[in-house]
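J.: mind looking at a prediction? Sequence and model below.
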Amino acid sequence: MMSFFNKVFASIGIGAATVDTKLERSSYHAGESVKGIVEITGGSAEQNIDSIYLTLYTTYIRESDDKKYTDYAPIQKVQISEPFTIKENEKKEFPFTFTLPFETPITYGNTRVWVATGLDIKNAVDPKDKDYIEIVPNELTNAVLTSVQELGFRIRKVECEEAPRRYRGRYPFIQEFEFVPVDGQYQRKLDELELVFMNQSEEHVDLLLEVDRRARGLGGFLAEALEMDESMVKLSIQRSDIPHLSSKLQEVINRFA
């Protein structure tokens, strides 16, 4: 009789199996492998578990009716087990490895990235675990961001936001890096510089660059009002470009400044 009630309670999450994910590290860059172990501890009743799955999520800003909301989107889902049974108070460990997609946003500003672990249990509440991770720029992304700052810009804002329809790919978001000129020639000529990283890999990235010119005189004011003061360019960057990246970016920016 007690076993029957234990099963009933387990089905609504009381005395059910628990899950705890232990990651090898808490900081990664896009394209890197994430390793860890999922620990399952049986509850007060035996349970059949269809699978263990890991889902990588990020937050992004979505706009609706002129208001901004923080939403979240799955980036990747990985199944790490076949069906199995966990007995009462039994402990099991499942090691895993998966690779972070290059589209995983950097956790700068309000952007958060986490790994959610779930147990798929039929006719029961699925136990879950949530582990936040830090995503830092990889070598190529870091080289671009560093080069822009060397040209006299500083980061004003980094936001993971809902992607415009024309730039929407597998995911509903893009991450935009907004820079402002703080010294040198660009301070007199530009309002801001915006960057978006696209089609990334270990060896290559497409850079979407938007140059916002400073309004000058009546013509400049009208151009700004009509949003004609912005120039957008797509730039392909290879790993081999890193040694002379600053000059390559400067050449492009000068074209529109």
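T.: Structure's in. What do you need?
J.: hey, let's count contacts and neighbours off CA atoms from now on
T.: Noted.
J.: show me how far stretch 131-150 is from its chain's centre.
T.: From the chain centre to the centre of stretch 131-150 is a distance of 12 Å (CA atoms, centre = their mean, to the nearest Å).
J.: got the CA positions of it in CSV?
T.: Extracted C-alpha coordinates of stretch 131-150, given in CSV (Å, rounded to 0.1, in the frame of the first residue of the first chain):
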residue,chain,number,x,y,z
ASP,A,131,23.2,25.7,-14.4
TYR,A,132,24.2,29.2,-15.6
ILE,A,133,27.5,29.4,-17.6
GLU,A,134,29.7,32.3,-18.7
ILE,A,135,30.3,32.6,-22.4
VAL,A,136,33.4,34.6,-23.2
PRO,A,137,34.6,35.8,-26.7
ASN,A,138,36.6,33.2,-28.7
GLU,A,139,39.8,34.1,-30.4
LEU,A,140,38.4,35.6,-33.6
THR,A,141,35.5,37.5,-31.9
ASN,A,142,37.9,38.8,-29.3
ALA,A,143,40.3,40.0,-32.0
VAL,A,144,37.5,42.0,-33.7
LEU,A,145,36.3,43.6,-30.4
THR,A,146,39.9,44.5,-29.4
SER,A,147,40.7,46.0,-32.8
VAL,A,148,37.6,48.2,-32.7
GLN,A,149,38.6,49.5,-29.2
GLU,A,150,42.2,50.1,-30.5
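J.: what does that stretch rub up against?
T.: 21, 26-30, 104-107, 112-116, 154-155, 197, 202-205, 239, 242, 245-246, 249 (CA atoms under 8 Å, 6 or more residues apart in numbering).
J.: which non-adjacent residue is nearest the spatially most central residue of the chain?
T.: Central residue of the chain (CA atoms, centre = their mean): P105, 2.7 Å from the mean position. Sequence neighbours aside, Q175 is the residue nearest to P105 in space, at 6.4 Å (criterion: CA to CA, 6 or more residues apart in numbering).
J.: quick one, what contacts the one you found?
T.: Here Q175 is in contact with P105, V158, E159, C160, E161, V196, F197 (CA under 8 Å, 6+ apart).
J.: next one: V158 relative to L208, how far apart?
T.: 15 Å (CA to CA, to the nearest Å).
J.: those two - which one has more neighbours?
T.: V158 (19 against 16; other CA atoms under 10 Å).
J.: after the lowest-mean-pLDDT helix or strand in the chain, next one along is what?
T.: Ranking every helix and strand in the chain by mean pLDDT, DSSP states H and E puts helix 217-225 at the bottom, with a mean of 39. Next along the chain after helix 217-225, taking DSSP states H and E as the criterion, comes strand 230-238.
J.: partner residues bridging the residue nearest to P105?
T.: C160 (DSSP bridges).
J.: in a strand, Q187, correct?
T.: No. Applying DSSP: H, G, I helix; E, B strand; the rest coil, one finds Q187 to be helix, outside a strand.
J.: tally of neighbours for it?
T.: Using other CA under 10 Å, Q187 has 15 neighbouring residues.
J.: what about the nearest residue to it once chain neighbours are set aside, how many residues close to it?
T.: The spatial neighbour of Q187 that comes closest, neighbours along the chain excluded (CA to CA, 6+ apart), is P181 at 4.8 Å. P181 has 22 neighbouring residues, counting by other CA under 10 Å.
J.: what are the contacting residues of stretch 35-44?
T.: Residues from elsewhere that reach stretch 35-44, judged by CA under 8 Å, 6+ apart: 6-7, 10, 15-25, 86-98.
J.: so the residue nearest to Q187 touches D212, yeah?
T.: No. Counting by CA atoms under 8 Å, P181 stays clear of D212, with 10.8 Å between them.
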